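Turn this into a model:
(one chain, ligands or ions: 1)
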Amino acid sequence: MKRVAILISGGGSNMVKLVQDMVGDHPARAVLVASNDPAAKGLARAAEMGVAVASVDHRGFGKDRVAFEAALLEPILAAKPDILCLAGFMRVLTPAFVRRFEGRMLNIHPSLLPKYPGLHTHARALAAGDAEAGCTVHEVTAVLDDGPILGQARVPVLPGDDEAALAARVLVQEHRLYPAVLRRYAAGLHERLDL
Ligand code: GRF
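Numbering: from 1, shown residues only. Below is the predicted model:
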């Protein structure tokens, strides 16, 4: 049974879907949900589902990313994860942290990578007049939003869409894609899944 730790920064809607899917004959189980924000709503949702939680407030470390990550690593390593899932985790991780988990760390990004790495992905798709948008699950490497793509899901951009409408449409697909990709990834199937 693979052990999965999930990192969040906010509501954790993707985390909830991942945890809910890791039951029955799923080859993995959630062993920890950790956040850089002790007030992240997702921590209470994880605890309600019986998953161990931890948080390290990144604001206490100023610009010292290495010290913050050293503190965050403690509960993560104690949980002995086989796989790390970033799910709405909004801190950029140092290459040293990534190297520890390279090849077993996933992230979900709300765009059709390689388009729109970074922030404000929906606003950028709308500004570009794209006919479609979507989300990507990829392996995390030292370069932000750049690792091997494990899956994508696409949605139409509709006339009159604003950022909130598009984000909501993409989020529905995130909640389908991430659990489907993790289930295969935990079973050792790493070829790309397009929903
Ligand atoms: C989602 O759009 C996700 O793609 C991005 O963070 C947003 C919130 O995710 N990474 P969640 O509800 O906290 O899972």
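
For the residue nearest to the spatial centre of the chain, give me its contacts.
Among the residues of the chain, Ala87 comes closest to the average C-alpha position under C-alpha atoms, centre = their mean, at 2.4 Å. Ala87 sits next to Ile6, Leu7, Ile8, Gly12, Asn14, Met15, Leu18, Asn107, Ile108, Tyr178 when contact means C-beta atoms under 8 Å, 6 or more residues apart in numbering. From N, CA and C alone the C-beta is placed, and that goes for glycine too.

give me the number of residues near the residue nearest to Ala96 when sequence neighbours are not counted?
Of all residues not flanking Ala96 in the chain, Val66 sits nearest, at 7.2 Å (C-beta to C-beta, 6 or more residues apart in numbering). By other C-beta atoms under 10 Å, the residues close to Val66 number 12.

Hmm, Leu93 and Val66 touching each other?
No: in this structure Val66 lies outside contact range of Leu93 using C-beta atoms under 8 Å: 10.7 Å.

which one of the contacts of Ala87 is nearest the ligand?
Within the contacts of Ala87, proximity to the ligand (C-beta to the nearest ligand atom) peaks at Asn14, which comes in at 3.2 Å.

show me what contacts that closest one?
The neighbours of Asn14, taking C-beta under 8 Å, 6+ apart as the test, are Ile8, Ala87, Gly88, Ile108, Glu174, His175, Tyr178.

For this structure, which segments are assigned as strands?
All strands of the chain, identified by DSSP state E, fall at 2-8, 28-35, 53-55, 83-86, 105-109, 132-139, 149-156, 193-194.

which residues does the residue in the chain that the ligand sits nearest to contact?
At 2.5 Å from the ligand, Gly88 is the closest residue in the chain, using C-beta to the nearest ligand atom. Gly88 makes contacts with Ile8, Ser9, Gly10, Gly11, Gly12, Ser13, Asn14, Met15, Gly42, Ile108, as judged by C-beta under 8 Å, 6+ apart.

Same list (those) but as JSON lines, adding pLDDT.
Formatted as JSON lines, the contacts of Gly88 follow (pLDDT from 0 to 100):
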{"residue": "Ile8", "pLDDT": "98"}
{"residue": "Ser9", "pLDDT": "98"}
{"residue": "Gly10", "pLDDT": "97"}
{"residue": "Gly11", "pLDDT": "97"}
{"residue": "Gly12", "pLDDT": "97"}
{"residue": "Ser13", "pLDDT": "98"}
{"residue": "Asn14", "pLDDT": "98"}
{"residue": "Met15", "pLDDT": "98"}
{"residue": "Gly42", "pLDDT": "98"}
{"residue": "Ile108", "pLDDT": "98"}
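
For the ligand, tell me which of the contacts of Ala87 show up nearby.
By C-beta under 6 Å from any ligand atom, the members of these lying near the ligand are Ile8, Gly12, Asn14, Met15, Ile108.
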